[in-house]
Structure formats: structure tokens, C-alpha cells
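A.B. asks: Sequence first, predicted coordinates after that:
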Amino acid sequence: MIHLLPRLLPVLLLASAAACSVGPDYQKPTAPTATKFKELAGWKPSAPQDEIDRGQWWSVYHDPVLDGLEKRIDIDNQTLKASEAAYRQARAIVDQARASFFPTLSGSQSDQRSYEAAGASRSSGVGTLSTGNGSTVVTTTNTNGRGGSSFNQYSGSLSASWDLDVWGKIRRTVESDVANAQASAADLASAKLSAQSSLATDYFQLRYQEALKRLLDTTANEYQRSLDITQNQYNVGVAAKADVLSAQTQLLSAKASAVNAGVLRATLEHAIAVLVGQPAGDFTIEPGELPSTVPVAPTGLPSDLLERRPDVAGAERRMAAANAQIGVAIAAYFPDITLSGSYGSQTADFAKLFTAPTLVWSLGADVSESILDFGSRSAQVEQARAAYDADVADYRQTVLTGFQQVEDELATLRILEQQAAVEAEVVKDAREAARLTLNQYKAGTVPYSSVITAQATELQAEQTAINVTENRLTASVTLIEAIGGGWNAGKLPRTDQVEDDTSFLHMIPITTDHPSNSDEPPSTDKK
């Protein structure tokens, strides 16, 4: 076998020299990018927090309870664990594809003793039997005293095959799988950002329901005092029974609204429990205050958005994967070249198996090519090109949607900031109007219906003011999510990290229940 290597070496060198990757090399397509954010014109975000580490972007709200809840997202959120498992699966697919670069080696060993009855057409002695897999079975036959015969069969072989990647089919497959793994990593980052944003939104809505309930409880106490005044007026004959009933209705309505706020608060607490991976029955958030200030993270330049949003990065990586699949499809036009060989032994004595006098071997090359496929390969190429075009469209749509979301939240924050200033004046005037009207009713100068109207206006104004604050907080969360939180494209794993990556997973500290990697040392590779 050794003396054939000089003959095969030129073939291998020729194949290596001719090796190429057919299909188009990936060039990132252009995407529609604005030169500026329109909604930023004439508006300066209040209190930008450039010094804040946007890896923990929620810290801009200075809420210790929110900080603690957000940190549990990495550890206990089950949706995030599923995304992390999908990334590990994508990495395993890359490892599987890379294995195709190397030869496959297999071995077999079989020992068997058989018996044939008298009359069977077998002669005594030693014979050989081909197995068809490159090895030879040796038989030794002995005739027993009853006219039958028994014989031994020994076979042993090693075989290898190597698919020469002359046209780059395997290289393009690996290229596609690496890009898909990077897209999966972006999906993981996107799922993490979405979970963080959902938690912050639910948290502020919960605090809003608490603030609303406190307002309604306070209002109910005030309505109780109004009812007492009306009841006293009725007792002395200066108020009608209808006034008492109106005051009672107003009081009960406020109490009912307070009960409903408690229901919504409980529902939001349960939603947060699910986000942090806890049973709702075992999870409690202590009452707290709704923040009164609304920090807004700077948006940066529109072009930065393409590097800061994980969904945009994921869409771009899927384009790269689809582009490589075009090369895989085109490679099917060219012949497959496979080297194969076997190394075995034949002997009637097991102790002599694989000794020099008993060795057999074979070595060869196979070339296969489809001569007529009635357009199957061309259809596969067209399918791959169409899939790439679809991914390009999805990428551009993702970019457009990203810009829309940023513009939406900038407009929302700008307008709500103006509304908050107006509502503060409305609340101030409504409180004074309600106080004056109640005093006028006591003096008998206005009917009780005027008191009802003034108090209802006051309550509505205060509810609206609290709701505007809550809307501003949730809009700020949505804006931070729209600009990618603390993420950027530099956090995507490189190709070498995808192929042997633990450092990227350290960036997203998900705890899993699977013990298979517990003995692996931590990576020292840092980006």
C-alpha cells in the first residue's frame, strides 16, 4: 500500500490545486438608512444617561427592585433557556458539517463457526469467500464422523473514505451553518432584550396600578366626607335625598375602581413571575412608588441602528447563510470525487489475524456525476437564489421596522412630555375647582350635582396625569429596546468562536440543567 502513495500524490495535489468554492461570494446588500431621526428635530431628550452601562440599561431608572428582577432574567427565564439551547444546537450543526472535511474510518471484525450436514456441496480443506467490503473470509472445513462438516470463518478489515471537496460544497455548507449559528446567537440576544423589555414594561404598569389604587383609596376617603356632609344636610332638611344617593354612588364607584386596580396589579405580578421563571403562587413584589422622572437613552445616529439591534444582525446573518446555500446548490453540477481504501486480513488461525502473510488491501477513487436529472439541479439553484432574495427583503424590512419603532417612540416621548406639563396644570386647577365647589355647596349656593361634576373632573385629571407618567416610562423602555438596549453587532460570535465557543455563552449566563458540559474548562478567549 505504501508504494502506491507516490502514484496517488499527484492526484491529491491536482485536486487540491483545482479546489474552489463555486457560487457567489457574500457581499452585504445595502439597506434603506435615514440620515437622521426626524422626530429628534426641535426636541432634546431629558437627562440622557451616556455614562450608564447599557449592558444593564434598566439601571437608568434607579430602581433597586427592577434591578434585582432584571438580573433574574438571565438565570430563570425559560424562553431564554430555549433560545440558548437553539444556539448550542446551531453550533453542533457547524461541528457536524466541518467533520465532512476529513476522512471517515470504520472497522469490522467477525468470527463464526458453522456446521453443514452431510450431502452439502462443500469440499474439505481451506477455502476463501469474498465479503464484498474489501475483506476476505477464510474458511477451514473439517468433516466429522457423522458425515457432516464444521468450519471456521474469520474476517477483519479497516476501511476509509474521503470526499474531496474540490468544488467547495462542504466549505459552502460550513459557511452557511456558521452564519446560521451567528443568526441564532443574535436571536438569543434579541430574546434576552425582549424579555428584559417586557419585564420593565410590566413592572411600570404594576407600579401604575398601585399608584392608581392609592389615588382611588384617597379619593374614596374624600367622597366619604362629602357623603357625610350631604347626609347631614339632608338630616336638617336642606338637601334632597337624591343628593345623598348621588354621593353614595360616587363613593361606591371609586371603591369598585380601586378593587379593579388591585386585580390588574395581581395579574401583572403573575406575568413578572413567569418572566423570571417562578411559580406565580411563590412570587411577591412589595408595594412601591411609580417613578416620577423619565430618563431617555440617547439614540445615536440612524446608521448605528444597524449595528445595535440584534434582530437586524440576525437577518443579515441569514442572508449570508442563504448566499452560501446557492454555492451548495451550484456544486451539485460538478462530479463528486471520493477516495476509498480498505485494509484487512485473511487467515484460518485467529492468532495470525493481521500478521504480515495474511494481509489484504485495496485503494481506489470514485467519480460520480448525474448525467440527466431533467432540471432538478437547476431548480435547486433557483430555489436557493429565491430564498436568498427573500432573506434580503426580510433584512431590509427589519431595518425599516427598526427605524419606524425608533421614530414612533421618539414622537411618543416628545408629545407625552408636553402632555405631562399640561396635565400638571389641569390637576392643579381641578383640585382647586373641586375644593371651591364643595365650599359653595356647603353655603347653599350651588347644587350637589356641581360637586359631583367637579370631583369627577378632579379624579379624571389625576388619573390621566398618572397614566401619562406610566406611558412615558413604558415608551422609554420601548425606545431603549428599539435602539438595541446595550447590544451591538460586535457581540456576535466570530467564526472561530462559533466553531469552538464558550466565551459567547459566558456573555449570556444561562444556567441549564444538562450536565454534559460540566467537566469542560472555561474558555480564556475574550473578544
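C.D. replies: That came in fine, so what should we check first? Numbering: from 1, shown residues only.
A.B. asks: Any regions of the stretch 51-200 of the chain where pLDDT drops low?
C.D. replies: Across the stretch 51-200 of the chain, the ranges flagged by pLDDT under 70 are 51-55, 115, 117-148, 151, 153.
A.B. asks: where do the strands sit along it?
C.D. replies: Taking DSSP state E, counting those that start in this stretch, the strands of the stretch 51-200 of the chain run over residues 104-116, 125-130, 136-143, 149-164.
A.B. asks: Please name the bridge partners of the nearest residue to Phe102 once chain neighbours are set aside.
C.D. replies: Spatially, and ignoring its direct neighbours in sequence, Phe102 is nearest to Trp162 (7.5 Å; CB to CB, 6 or more residues apart in numbering). (Glycine included, C-beta is placed from N, CA and C.) Applying DSSP bridges to Trp162 gives these bridge partners: Leu339.
A.B. asks: which residues sit in contact with Trp162?
C.D. replies: With contacts defined as CB atoms under 8 Å, 6 or more residues apart in numbering, Trp162 is in contact with Phe102, Pro103, Thr104, Thr338, Leu339, Ser340.
A.B. asks: Over to Ile371?
C.D. replies: By CB under 8 Å, 6+ apart, Ile371 has no neighbours at all.
A.B. asks: Narrow the contacts of Trp162 to just the buried residues.
C.D. replies: Leu339, Ser340 (16 or more other CB atoms under 10 Å).
A.B. asks: Looks to me like Gly341 is in a strand.
C.D. replies: Yes - assessed by DSSP: H, G, I helix; E, B strand; the rest coil, Gly341 belongs to a strand.
A.B. asks: Three-state assignment for the residue nearest to it when sequence neighbours are not counted, please.
C.D. replies: In space, and not counting its chain neighbours, Gly341 is closest to Leu363: 4.2 Å by CB to CB, 6+ apart. Taken by three-state DSSP, the conformation at Leu363 corresponds to strand.
A.B. asks: need the contacts of Trp162 in a markdown table with distance to Gln380, can you?
C.D. replies: Output for those, formatted as a markdown table (distance: CB to CB, whole Å):
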| residue | distance to Gln380 |
| --- | --- |
| Phe102 | 26 |
| Pro103 | 27 |
| Thr104 | 25 |
| Thr338 | 21 |
| Leu339 | 26 |
| Ser340 | 27 |
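A.B. asks: before we move on, what SS does Ala34 have?
C.D. replies: coil.
A.B. asks: Settle this for me: it is touching Gln404, isn't it.
C.D. replies: No - because the distance of 10.4 Å does not satisfy CB atoms under 8 Å, Ala34 is recorded as not touching Gln404.
A.B. asks: Between the two, point out the one with more neighbours.
C.D. replies: Ala34 (15 against 11; other CB atoms under 10 Å).
A.B. asks: Need the max-distance pair from the contacts of Trp162.
C.D. replies: Taking CB to CB as the measure, the contacts of Trp162 span a maximum distance of 14.2 Å, between Phe102 and Ser340.
A.B. asks: Verify the contact between the residue nearest to Gly341 and Ala160 for me.
C.D. replies: No - counting by CB under 8 Å, Leu363 sits too far from Ala160 to count as a contact (9.5 Å).
A.B. asks: any common contacting residues for those two?
C.D. replies: Joint contacts of Leu363 and Ala160 (CB under 8 Å, 6+ apart) are Ser340, Gly341.
A.B. asks: for Phe403, phi and psi?
C.D. replies: When read as degrees, to the nearest 10, the backbone of Phe403 gives phi -60, psi -40.
A.B. asks: okay, now it: neighbour count?
C.D. replies: 19.
A.B. asks: How about the one 5 residues further on?
C.D. replies: Using other CB under 10 Å, Asp408 has 15 neighbouring residues.
A.B. asks: Now do it against Thr398, distance only.
C.D. replies: 15 Å (CB to CB, to the nearest Å).
A.B. asks: Kindly report the same for Lys255.
C.D. replies: Lys255 is 48 Å from Thr398, by CB to CB.
A.B. asks: more neighbours, these two?
C.D. replies: A side-by-side neighbour count of Lys255 and Thr398, using other CB under 10 Å, places Thr398 first with 19 against 16.
A.B. asks: Just the pLDDT for the residue nearest to that one when sequence neighbours are not counted.
C.D. replies: Of all residues beyond its chain neighbours, the one nearest Thr398 is Ala315 (4.4 Å), with distances taken as CB to CB, 6+ apart. Looking at Ala315, its pLDDT stands at 92.
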